Every structure is written in C-alpha cells, then in structure tokens.
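[1] just the structure for this:
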Amino acid sequence: MSIDAILDASRAGMQNERLRMDLAGRHIAVANQPIDPRQLAASASASFAETVDLGDGMDAARSLGTRTVLDPKNPMADAQGQVHYPAVDMVSEMTSLMTASRGYEANVRSFNVLRSMVLRAFEIGAK
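    Below is the predicted model:
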C-alpha cells in the first residue's frame, strides 16, 4: 500500500467525521425551531429531512419525524393550535457529535504519525 493511499484514507476518514459532526450540529441547532405549517402541509409526510452534500454526487440524509406542542399563541401554530418541531433526540445527537469528534481526532493522529514517519525516513535517507 502506498503512502498516498494511507494518507488518503486518513483524509477521507476526517472528511466523514467532519460531515457527521456537521449533521449532528445542524440537528441540534434546529431542535427548537418550529416548522412552518404551510411547509408541513405541502409535504406528503410529516417528516423533516436534513441533507448534507458529501461531494462526488452523494448526499447523506437523515429523516427526523416531528413532535407537536400545543401553543395556540405561537404565530407558527396550525389551525388546531399545534406547533410542529423536528423530533430531535438530543442524547443521540450529542453522542454522535462526541464519537465523530473522537474519530476525527484519531484520524488526525494517524495522519500526523505517518507524516512524521515519512519525514524521518527522508532524514535517514539523506545521511
């Protein structure tokens, strides 16, 4: 296996973990943001989908259901006084965020170790 292939594997791992952190962060950010009833009525199902572009024509999507709260005074309430929010499981999202962060750190460490090994090999070869 070439050195470039190993470095590419670390880079791909870092990109994957970064996208996982981005997706979890977006879900956490919209957890308490009400969904417009017109958007909810326009969609065929009552689900909230988040899509992240992975590059190379690929997308990562997770569909979140909705939760409803009775709040007739809220301007985003529907005719029955229900306000719809994305059903975000905060424990799951925080766990995903932490594991992605640790995975990213592990990929950075492996990238740096390989880079230092290559630099050391160049030093030895120069002698």
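
[2] please make it C-alpha for all contacts and neighbour counts, starting now.
    Will do.

[3] what helix or strand is the residue positioned nearest the centre of the chain located in?
    Central residue of the chain (C-alpha atoms, centre = their mean): residue 23, 2.0 Å from the mean position. Taking DSSP states H and E as the criterion, residue 23 maps to helix 3-29.

[4] identify each buried residue in that helix, please.
    7, 10-11, 13-14, 16-21, 23-25, 27-28 (16 or more other C-alpha atoms under 10 Å).

[5] return the distance of it from the chain's centre.
    Put simply, helix 3-29 sits 9 Å off its chain's centre (C-alpha atoms, centre = their mean, to the nearest Å).

[6] mind giving me the packing neighbours of that helix?
    Here helix 3-29 touches strand 48-55, helix 90-126, going by 3 or more C-alpha pairs under 8 Å, 6 or more residues apart in numbering; DSSP states H and E.

[7] on that earlier part again, how far away is the residue nearest to the centre of the chain from residue 108?
    Between residue 23 and residue 108 the computed distance is 20 Å (C-alpha to C-alpha, to the nearest Å).

[8] repeat for residue 2
    Applying C-alpha to C-alpha, the value for residue 2 to residue 108 is 18 Å.

[9] between the two, tell me which one has more neighbours.
    Between residue 2 and residue 108, residue 108 has the larger neighbour count (other C-alpha atoms under 10 Å), namely 16 against 7.

[10] need the contact list for that one.
    Contacts of residue 108 were listed using C-alpha atoms under 8 Å, 6 or more residues apart in numbering, and they are 10, 14.

[11] for the nearest residue to residue 72 once chain neighbours are set aside, phi and psi?
    By the measure of C-alpha to C-alpha, 6 or more residues apart in numbering, the closest residue to residue 72 outside its immediate chain neighbours is residue 81, 3.9 Å from it. Dihedral pair for residue 81: phi 80, psi 10, per degrees, to the nearest 10.

[12] that's all I had, so thanks and see you.
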